[in-house]
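Asker: kindly return the folded structure for what I paste below:
(one chain, ligands or ions: 1)
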Amino acid sequence: MKTKCPYCNYIADQHETLDNLNPNAIPKEGEISFCIKCGGVSQFFKDELIKIDIESLDEEIKIQIKEIEMAWVKTRNLTKFRDMKESRNKVMENDN
Ligand SMILES: [Zn+2]
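Answerer: Numbers count the residues shown, from 1 in each chain. Just a heads-up that it's a prediction; the model follows:
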């Protein structure tokens, strides 16, 4: 099932949920979604993702979102660092 992020229009075709690490999980009505591309938090509503105000959510869910956000930022920075190193290595190879 494909969903589109309402913030960055990223099309996701795989979904994982916190309690079920199945990449083919199908989002259910009312579930919260975290965009892997832009970090936007949205809610699944009538077969599509809509923007939501995080402040309107339960404290428990807000804490979970913060944890996902932190993991996402770390992963993203690692990927960026690896890409930087790879492109620097390529430049050095070309200089030789
Ligand atoms: Zn997004």
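
Asker: how much space between the most centrally placed residue in the chain and residue 56?
Answerer: Among the residues of the chain, the one closest to the centroid is residue 36, at 1.9 Å (CA atoms, centre = their mean). Remark: distance between residue 36 and residue 56 (CB to CB, to the nearest Å) = 23 Å. Bear in mind the C-beta positions are built from the backbone N, C-alpha and C, glycine included.

Asker: hang on, the earlier thing: thought the residue nearest to the centre of the chain was touching residue 69?
Answerer: No - counting by CB atoms under 8 Å, residue 69 is not a contact partner of residue 36; they are 11.5 Å apart.

Asker: residues in contact with residue 43?
Answerer: 30, 31, 32, 33, 49, 50, 52 (CB atoms under 8 Å, 6 or more residues apart in numbering).

Asker: from residue 76, how far out is it?
Answerer: Distance from residue 43 to residue 76, counting by CB to CB: 22 Å.

Asker: now swap in residue 44 and tell me
Answerer: Distance from residue 44 to residue 76, by CB to CB: 23 Å.

Asker: also residue 42?
Answerer: With CB to CB as the criterion, residue 42 and residue 76 are 18 Å apart.

Asker: out of the contacts of residue 43, which is most surrounded?
Answerer: Counting neighbours by other CB atoms under 10 Å, residue 49 leads the contacts of residue 43 with 22 neighbours.

Asker: what about the nearest residue in space to residue 49 that is not next to it in sequence, how many residues nearby?
Answerer: Leaving aside its sequence neighbours, residue 49 sits nearest to residue 42 (CB to CB, 6 or more residues apart in numbering; 4.2 Å). Other residues lying near residue 42 total 20 when counted by other CB under 10 Å.
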